[in-house]
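# 3D, please:
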Amino acid sequence: MLCTKGALSRSPTRRSILLEKVALLDWSGNMTDASAANRENCMRKLELATARNSKVHKLIDAIQGLGCMIPSDFFLCRPCEGSISGGFAALDQKTSSASSSSSSPLNYQPRIIMCENNMLETETFENTLVHELVHAYDQCRAKIDWSNCIHHACTEVRASALSGECSLLHEIYRNNLTLRKGHQECVKRRAEKSIAMNPHCKSIAADAVSAAFKQCYSDKAPFE
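The predicted structure follows:
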């Protein structure tokens, strides 16, 4: 998760609305042939994921069901630094002129950024998208304070647990062969790594995950 302080049903109507929003991704700026190809590939993967991935459908329906409207530029394909595959950007309360909280239905303006220059195979791309959508759902539902390390730990635990990124097959590919509570260990490890990127939480990432883990790992919303 990129914590920049600053969430589809199978119905054809709602699906077409979402795909229109995906198509509104900004193509402005001077792009080389390679970067344009990266953008197109990323957008194609987004369209496929929003069309067919049941977890993506469920999360977007759940976000809208909570009263948070999906902004037109909710999904963005952008080049990213390093090897990250995606991120979530929440509206910064300090820059908002609205009196309500940043996650209120009238002021819900998060962004999900998929890193077009670090494209992954389809399953991992969709796991990343689900991960970021869990953050978007939590932002709408829980009004997360991203400077609060327990808040951040909770949503990272949930995102890693629910996205599929800690499946046994993915762990085998990473050469992590812990079988006993392997899923839990993967979730903890990946949550700590994400929280360590938050300047408010870098030094206490492990403690924050430990404090939040039991309750947040068992929270399967909106899937249960």
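# what about the helices in this structure?
With DSSP state H as the criterion, the chain has helices at 12-23, 33-52, 54-65, 122-142, 149-162, 168-173, 182-195, 205-217.
# Mean neighbour count for these - can I get that in CSV?
C-betas here are computed from N, CA, C, even on glycine. Shown next, in CSV, are the helices of the chain (neighbours: other Cβ atoms under 10 Å):
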stretch, mean neighbour count
helix 12-23, 14
helix 33-52, 16
helix 54-65, 18
helix 122-142, 23
helix 149-162, 25
helix 168-173, 13
helix 182-195, 20
helix 205-217, 18
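# Show me the one of those helices that comes nearest Gln109.
helix 122-142 (10.0 Å; Cβ to Cβ).
# The closest one to helix 205-217, inter-axis angle?
80 degrees (axes from the mean of the first three to the mean of the last three Cα atoms, to 10 degrees).
# ok, back up a step: which of the helices of the chain comes out lowest on mean pLDDT?
Of all the helices of the chain, helix 12-23 carries the lowest average pLDDT, namely a mean of 35.
# Can you tell me how far Cys201 is from Gln109?
With distances taken as Cβ to Cβ, to the nearest Å, Cys201 is found 23 Å from Gln109.
# what sits against the residue nearest the centre of the chain?
Taking Cα atoms, centre = their mean as the criterion, Glu132 is the residue nearest the geometric centre of the chain, at 0.5 Å. Applying Cβ atoms under 8 Å, 6 or more residues apart in numbering, we find Glu132 in contact with Met1, Gly86, Gly87, Phe88, Ile112, Ile113, Ala159.
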